[in-house]
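*Asks:* Build me a structure from this.
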Amino acid sequence: MKNIVIVGAGIGGLPMAYELREKLGKKRHCITVVSDSPTFQFVPSNPWVAVNWRKRNDICIDIEEPLNKKGIGFNASGLSKLDPENNRIELGDGSSLDYDYLVIATGPRLAFDEIEGLGPDGYTQSVCHVNHAEKACTAWEEFVKNPGPIVVGAAQGASCFGPAYETAFIMDADLRKRKIRDKVPMTYVTSEPFIGHMGLNGVGDSKTLMESEFRDRHIDWITNARIQKITRSEFIISECDNNGNELKQHTLPHNYSMILPAFTGIDPLRNVEGLVNPRGFVIVDKQQRNPRYKNIYAVGVCIAIAPDKPTPVPTGVPKTGYMIESMVAAATNNIAADINGQPQTSEATWNAICLADMGDTGMAFVALPQIPPRNVTWARKGKWVHAAKIGFEKYFLHKIKSGNTDPYYEHAVLKLLGIEKLKN
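*Replies:* Model prediction:
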């Protein structure tokens, strides 16, 4: 019998646990999930929480019971230390777990500390965690009583841009519903070299589409932006040229702001030599294995992916849900193959499918593969995308609660979009 430990219980970790259990059978091997929370949160819905369109209970599920029903162990005390030389992890409650195979699916550390004044403990809001989104909602309800300028976007080094665009559009829609949009100047600030870049060098005509939406919604923007400092009332921003040199400095007032931070790997992993890159992201090969520690696999936002090409201001590469699903499938197949003494040949596809909500409409992006050059590039706008994202939220939460191993993104999203033929 093998001991398999999965660290992380998010969009990568829970599907990993369920798929491994189905692949390996219920009694033959021990699977344990370790998390720093007793609940799963559907992170893509956090922008809705931030404007009070969703509540915590709408997007969070207690996960110990559904895991136990599948014969999967669970510990919610979190990872405190990794000892890969001895195949052991130490947990936040002082206990330890030995493993034959370890899957790291922790997600990122949020690097608010890299910019003065950034984050919920500073002067900006966040939608990276439901706790942050709830705090953002409280601040939003105060803001709409006395509206003023908004700054929204993504800091230098960020690798997740979709929620920043969504938050801008959702706030715009909420303000229009309240009939106070005319009182709120809004500026989108981003490290991207152009609007619609999204860490992917654009998807189809995303630059034109997004710029048009911003113009229609009276949202100004600053690209190639490096945020220098944030105070209670102002942003100090350097707008850079194509060489990364300061072109112009901006001082933007704000009564409310939401800025996505850069990510790093989590602290217990950052100093493990041979496991992570300088930013703490786990290094993996095409089989999702770490090259040095062959029994350690990683999936999701915690893995290291180099950008397609450098940008004047650093931007990272997003790891979308569809892409994470393919990593989970590859890692599951390769662990099962190794246990059975077979070669590990499964590789993730790393395709990207994104549903971006815009409050009362939405945009869908398909990039196969995620990094150019691509076989398929597809972008569409419509109210159906908004409806599809609402439907998919319910679908995904049901799958997590029930432990169903039907594909979470691949078939469901393509079917919702009506473009299953693009899969090939």
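*Asks:* from here on, contacts and neighbour counts on C-alpha atoms
*Replies:* Fine.
*Asks:* Walk me through the domains of this protein.
*Replies:* Each domain of the chain is listed here as a residue range: 3-52+61-110+265-349, 112-263, per automatic domain parsing.
*Asks:* Export those domains as CSV, with columns for distance to residue 364.
*Replies:* Shown next, in CSV, are those (distance: least, C-alpha to C-alpha, whole Å):
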stretch, distance to residue 364
domain 3-52+61-110+265-349, 13
domain 112-263, 10
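*Asks:* Take those and lay them out in CSV including mean neighbour count and mean pLDDT.
*Replies:* Putting the domains of the chain into CSV (neighbours: other C-alpha atoms under 10 Å; pLDDT from 0 to 100) gives the following:
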stretch, mean neighbour count, mean pLDDT
domain 3-52+61-110+265-349, 20, 96
domain 112-263, 20, 97
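*Asks:* how about these, which one is nearest residue 365?
*Replies:* domain 112-263 (6.6 Å; C-alpha to C-alpha).
*Asks:* Please enumerate the helices of the stretch 251-400 of the chain.
*Replies:* For the stretch 251-400 of the chain, helices defined by DSSP state H, counting those that start in this stretch occupy the ranges 321-339, 383-402.
*Asks:* In JSON lines, list the ones you listed along with distance to residue 313.
*Replies:* Formatted as JSON lines, these follow (distance: least, C-alpha to C-alpha, whole Å):
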{"stretch": "helix 321-339", "distance to residue 313": "25"}
{"stretch": "helix 383-402", "distance to residue 313": "31"}
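*Asks:* Hmm, residue 37 is touching residue 79, no?
*Replies:* No: Residue 37 lies out of contact with residue 79 (C-alpha atoms under 8 Å); the separation is 11.0 Å.
*Asks:* Kindly provide the distance from residue 21 to residue 66.
*Replies:* To residue 66, residue 21 is 13 Å away according to C-alpha to C-alpha, to the nearest Å.
*Asks:* Check residue 121 too.
*Replies:* On the measure of C-alpha to C-alpha, residue 121 and residue 66 end up 34 Å apart.
*Asks:* what does residue 327 give?
*Replies:* Here the criterion is C-alpha to C-alpha. By it, residue 327 lies 23 Å from residue 66.
*Asks:* Residue 252 too?
*Replies:* 47 Å.
*Asks:* Over to residue 366?
*Replies:* Distance, residue 366 to residue 66, by C-alpha to C-alpha: 32 Å.
*Asks:* just the helices in the stretch 101-250 of the chain please.
*Replies:* Going by DSSP H, counting those that start in this stretch, the stretch 101-250 of the chain shows helices at 130-143, 162-177, 206-216.
*Asks:* Name the residues that touch the first one?
*Replies:* Here helix 130-143 makes contact (C-alpha atoms under 8 Å, 6 or more residues apart in numbering) with 41, 43, 46-47, 49-52, 56, 120, 125-127, 255-256.
*Asks:* what residues are up against the residue nearest to residue 316 when sequence neighbours are not counted?
*Replies:* Distance criterion C-alpha to C-alpha, 6 or more residues apart in numbering; nearest residue to residue 316, sequence neighbours excluded, is residue 159 at 3.9 Å. By C-alpha under 8 Å, 6+ apart, the residues touching residue 159 are 198-199, 262-263, 315-318.
*Asks:* next one: residue 76
*Replies:* Applying C-alpha under 8 Å, 6+ apart to residue 76 gives the contacts 34-38.
*Asks:* ok, so of the residues you listed, who is nearest residue 72?
*Replies:* Out of those, the member with the shortest distance to residue 72 (by C-alpha to C-alpha) is residue 34, at 10.6 Å.
*Asks:* need the contact list for that closest one.
*Replies:* Contacts of residue 34 (C-alpha under 8 Å, 6+ apart): 5-9, 74-79.
*Asks:* mind redoing it with 7 Å?
*Replies:* 6-8, 74-76, 78 (C-alpha atoms under 7 Å, 6 or more residues apart in numbering).
*Asks:* ditto for residue 147
*Replies:* Shown in contact with residue 147 (C-alpha under 7 Å, 6+ apart): 183-184.
*Asks:* One more: residue 16?
*Replies:* 328, 332.
*Asks:* so where does it fall, helix or strand?
*Replies:* helix 13-24 (DSSP states H and E).
*Asks:* tell me the angle of that helix relative to helix 321-339?
*Replies:* With axes from the mean of the first three to the mean of the last three C-alpha atoms, to 10 degrees defining the directions, helix 13-24 sits at 40 degrees from helix 321-339.
*Asks:* now helix 13-24, how far from the chain's geometric center?
*Replies:* A distance of 20 Å separates the centroid of the chain from that of helix 13-24, by C-alpha atoms, centre = their mean, to the nearest Å.
*Asks:* Could you do stretch 205-215 as well?
*Replies:* With C-alpha atoms, centre = their mean, you get 22 Å for stretch 205-215.
*Asks:* Please apply the same query to stretch 93-108.
*Replies:* 20 Å.
*Asks:* Next: stretch 207-216.
*Replies:* Using C-alpha atoms, centre = their mean, the offset of stretch 207-216 from its chain centre is 23 Å.
*Asks:* How about residues contacting that stretch?
*Replies:* For stretch 207-216, the external contacting residues (C-alpha under 7 Å, 6+ apart) are 194-197, 220.
*Asks:* so can I have CSV of those residues showing distance to residue 25?
*Replies:* Below are the contacts of stretch 207-216 laid out as CSV (distance: C-alpha to C-alpha, whole Å):
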residue, distance to residue 25
194, 48
195, 47
196, 44
197, 43
220, 54
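*Asks:* out of those, which one sits closest to residue 310?
*Replies:* Checking these against residue 310 by C-alpha to C-alpha gives residue 197 as the nearest, at 12.5 Å.
*Asks:* Report the spatially nearest residue to the closest one, omitting neighbours in sequence.
*Replies:* Nearest to residue 197 is residue 207, by C-alpha to C-alpha, 6+ apart, at 6.7 Å.
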